[in-house]
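Undergrad: pasting the structure only:
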């Protein structure tokens with residue numbers, strides 16, 4: 001259904017971003033009290049936070065100037081993952097994209113989180129897509145990008161995902177965000193082992209208390225929620241509005257990738273989760289922040305994949 005003669009195929013529906021800015025400074029989904037949640041205005045960002053936001057904007061500018069294909073290939077890490085709609089290697093998808101007749105993809109960061117080591121960060125915000133030859137966007141939603149700083153301290157996108165939403169929001173002029181505090185670690189864990197432990201803890205709570213109660217127990221006050229067909233929302237008060245998934249029984253998660261900041265304060269894992277009866281498959285990404293002596297859920301993103 002997303003395939004057409006131009007070769008854009010499902011990338012047109014499952015990768016989204018935007019390059020221009022408007023006069024809106026709200027977080028996606030609804031205005032929140034950024035000060036109450038400890039989120040700084042961009043004018044108060046330190047140089048590392050500012051550099052991460054500028055990397056996202058440079059990526060968006062290149063998409064406007066050179067098109068989606070060249071922009072993504074320039075900014076994606078060699079091992080980058082894109083949700084199309086499930087997590088898969090990103091670069092081959094864009095290398096195979098027909099450079100002619102590309103849609104115009106625009107996006108802008110509304111919120112940013114950065115590790116104390118300045119080696120891992122994430123950004124969220126709205127996107128919109130306008131088909132080639134058209135002037136009005138016909139697809140829109142929210143994106144999440146996970147960034148890694150590697151060789152030469154260059155930022156590159158490690159994970160890219162987005163959800164569609166009917167909510168037509170302008171793009172943000174400025175971002176809000178925060179920098180995590182370094183963790184005094186008592187043990188060294190590989191990122192995949194850590195994320196499996198965190199997923200197991202979440203799954204146990206979901207099985208015992210239900211998804212909403214589990215998220216309430218583990219989420220940060222400024223947790224960011226991404227779901228299909230809904231605008232991104234920031235703040236734990238939005239958890240109560242999430243659709244329940246308990247009719248499929250307890251979820252099991254297959255972790256397919258993970259990342260952990262060198263400072264041990266920011267981590268992310270992604271993969272596929274499925275109901276106990278084999279139905280209601282979904283792709284997910286969850287990011288975690290070390291705070292008050294424990295890991296707290298910072299981002300919960302999930303996109304339906306259908307049964308099977």
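TA: Now that the structure is in, tell me what you want to look at. Keep in mind the model is a prediction, meaning the values are calculated, not measured.
Undergrad: right, and residue 228 touches residue 304 too?
TA: Yes. Counting by C-beta atoms under 8 Å, residue 228 does reach residue 304; the two are 5.4 Å apart. Where you see a C-beta, it was placed from the backbone N, CA and C, and this is true even at glycine.
Undergrad: what's the local residue count around residue 84?
TA: 19 (other C-beta atoms under 10 Å).
Undergrad: isn't it up against residue 91?
TA: No. Using C-beta under 8 Å, residue 84 is not in contact with residue 91; the gap is 11.9 Å.
Undergrad: the stretch 101-250 of the chain: helices as residue ranges?
TA: With helices called from DSSP state H, counting those that start in this stretch, the stretch 101-250 of the chain shows them at 191-209, 211-218.
Undergrad: low pLDDT regions in this structure?
TA: 1-33, 36, 184-188, 243-250, 276-280, 306-308 (pLDDT under 70).
Undergrad: quick one, longest strand in it?
TA: strand 294-306 (DSSP state E).
Undergrad: tell me which strands and helices it is in contact with?
TA: strand 155-164, helix 211-218, strand 219-227, strand 266-275, strand 281-291 (3 or more C-beta pairs under 8 Å, 6 or more residues apart in numbering; DSSP states H and E).
Undergrad: how about CSV for those, with distance to residue 259 and mean neighbour count added?
TA: Below are the helices and strands packed on strand 294-306 laid out as CSV (distance: least, C-beta to C-beta, whole Å; neighbours: other C-beta atoms under 10 Å):
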stretch, distance to residue 259, mean neighbour count
strand 155-164, 6, 23
helix 211-218, 19, 18
strand 219-227, 17, 22
strand 266-275, 5, 22
strand 281-291, 9, 22
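Undergrad: dump the ones you listed to a markdown table, plus distance to residue 114.
TA: What follows is these, written out as a markdown table (distance: least, C-beta to C-beta, whole Å):
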| stretch | distance to residue 114 |
| --- | --- |
| strand 155-164 | 10 |
| helix 211-218 | 21 |
| strand 219-227 | 14 |
| strand 266-275 | 8 |
| strand 281-291 | 11 |
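Undergrad: of all the ones you listed, which one comes closest to residue 57?
TA: Minimum separation from residue 57 across the helices and strands packed on strand 294-306 (C-beta to C-beta) falls at strand 155-164, 11.4 Å.
Undergrad: which strands and helices sit next to that closest one?
TA: Short answer (3+ C-beta pairs under 8 Å, 6+ apart): strand 155-164 packs on helix 47-66, helix 68-75, strand 76-83, strand 139-149, strand 219-227, strand 251-260, strand 281-291, strand 294-306.
Undergrad: dump those to CSV, plus distance to residue 192.
TA: Shown next, in CSV, are the helices and strands packed on strand 155-164 (distance: least, C-beta to C-beta, whole Å):
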stretch, distance to residue 192
helix 47-66, 24
helix 68-75, 25
strand 76-83, 14
strand 139-149, 15
strand 219-227, 22
strand 251-260, 5
strand 281-291, 13
strand 294-306, 15
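Undergrad: re the thing from before, looking at the helices and strands packed on strand 294-306, which is nearest to residue 234?
TA: Across the helices and strands packed on strand 294-306, closest to residue 234 is strand 219-227 (C-beta to C-beta), at 5.0 Å.
Undergrad: deepest-packed of the helices of the stretch 101-250 of the chain, please.
TA: Mean neighbour count (mean count of other C-beta atoms under 10 Å) peaks for helix 211-218 among these, with a mean of 18.
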